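*Asks:* Build me a model:
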Amino acid sequence: MRHWRAALLLLPLLLMLSMFSFAPAFWVLINSVKVEGLWSLANFIEVLGSSFYRQAFANSLWISVGSSFIGLLIALVSAASIKRVDGTLRDVTVAFTNMASNLSGVPLAFAFIIIMGANGAVTLLLREWGVIDSFNIYSRAGLTLIYTYFQVPLAVLLLYPAFDALDDDWQESAALLGASRLRYWRLIALPVIAPAVLGTYILLFANAMGAYASAYALMTANYNLVTIRISSLVAGDIFLEPNLAAALSVILVAMLVILVTVNQLLLKRTYHAR
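*Replies:* Below is the predicted model of the structure:
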């Protein structure tokens, strides 16, 4: 009886999930295989056969892979450093990282325009010092920079607990046996935290693939990304094709599901190997 009472408390959560997650996902799946009320795979054929939509996926993949990799490298160094500072500074740094992870979307794009735009404060300063001749924030490089910025705080928060698995005595023991710091990290530390690193990369990649607000606020519809194409098909001023947008969404979700499934399989193999 007590378990049933606890289960009843989950009903509001299940209702919210049904209304805002399961029902929209079901609608998208059903409408992706409909054309003018008839069942058809024409939407998927059009998406996969169009060089324009293939370019959208290629651009999204390029930016997601690049920003996730750069963000992960920066976060690895940052999380390892945070673990080695004293308690007060560590708490302040983690709190600041948590706050920085919430800066995204339109405010982040606006901040980068002010700082790194054509007449941005940092751009003008670097130009005056002769470091750069020009920097175009409204480009693939600019988008990658913005994506990397909001990836780093999230990656630090995800990786920070993983370093608890490393014992400081291991590095001292490795040093006594003649191992360099680089050899310690390559043969001992990184294999231990590898599942967390891989899982973090997958989450960063999914986060970047699904990002929309920052890219749209910076580029509007002038850069071909999957999320921008989906938005233009359901809220455009000229062409409204929600069924085609649904097909794009299903392909995007399928890519992420495959990626997460591969990640889980690799994690299981890692744990079994231990």
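
*Asks:* List the buried residues of stretch 183-202.
*Replies:* 184-185, 188-189, 192-193, 195-202 (16 or more other Cβ atoms under 10 Å). For the C-beta atoms, the positions are set from N, CA and C on the backbone; glycine is no exception.

*Asks:* Give me the below-cutoff pLDDT ranges for the stretch 151-274 of the chain.
*Replies:* Scanning the stretch 151-274 of the chain for pLDDT under 70 picks out 236-238, 266-267, 269-274.

*Asks:* Mind jotting down where the strands sit in it?
*Replies:* In the stretch 151-274 of the chain, no strands are defined using DSSP state E, counting those that start in this stretch.

*Asks:* Give me the nearest residue to Asn31, chain neighbours excluded.
*Replies:* Excluding the flanking residues, the one nearest Asn31 by Cβ to Cβ, 6 or more residues apart in numbering is Ala246, at 4.3 Å.

*Asks:* Touching, that neighbour and Asn43? I think so.
*Replies:* Yes: contact criterion Cβ atoms under 8 Å: Ala246 and Asn43 qualify, at 7.1 Å.

*Asks:* what residues do those two have in common as contacts?
*Replies:* Contact criterion Cβ atoms under 8 Å, 6 or more residues apart in numbering; residues shared by Ala246 and Asn43: Ser32.

*Asks:* So which of the buried residues of stretch 183-202 is the closest to Arg127?
*Replies:* Closest to Arg127 out of the buried residues of stretch 183-202 is Tyr201 (34.3 Å), distances taken as Cβ to Cβ.

*Asks:* could you list every residue that touches that closest one?
*Replies:* Shown in contact with Tyr201 (Cβ under 8 Å, 6+ apart): 68-69, 72.

*Asks:* repeat that with 6 Å
*Replies:* By Cβ atoms under 6 Å, 6 or more residues apart in numbering, the residues touching Tyr201 are 68, 72.

*Asks:* Gln55 now?
*Replies:* Asn224.

*Asks:* per-residue pLDDT, it?
*Replies:* Predicted confidence (pLDDT) for Gln55: 93.

*Asks:* State the helix or strand in which it lies.
*Replies:* Gln55 is part of helix 51-82, with elements assigned from DSSP states H and E.

*Asks:* circling back: please tell me I have it right and the residue nearest to Asn31 contacts Val28.
*Replies:* Yes: under the criterion of Cβ atoms under 6 Å, Ala246 makes contact with Val28 at 4.6 Å.
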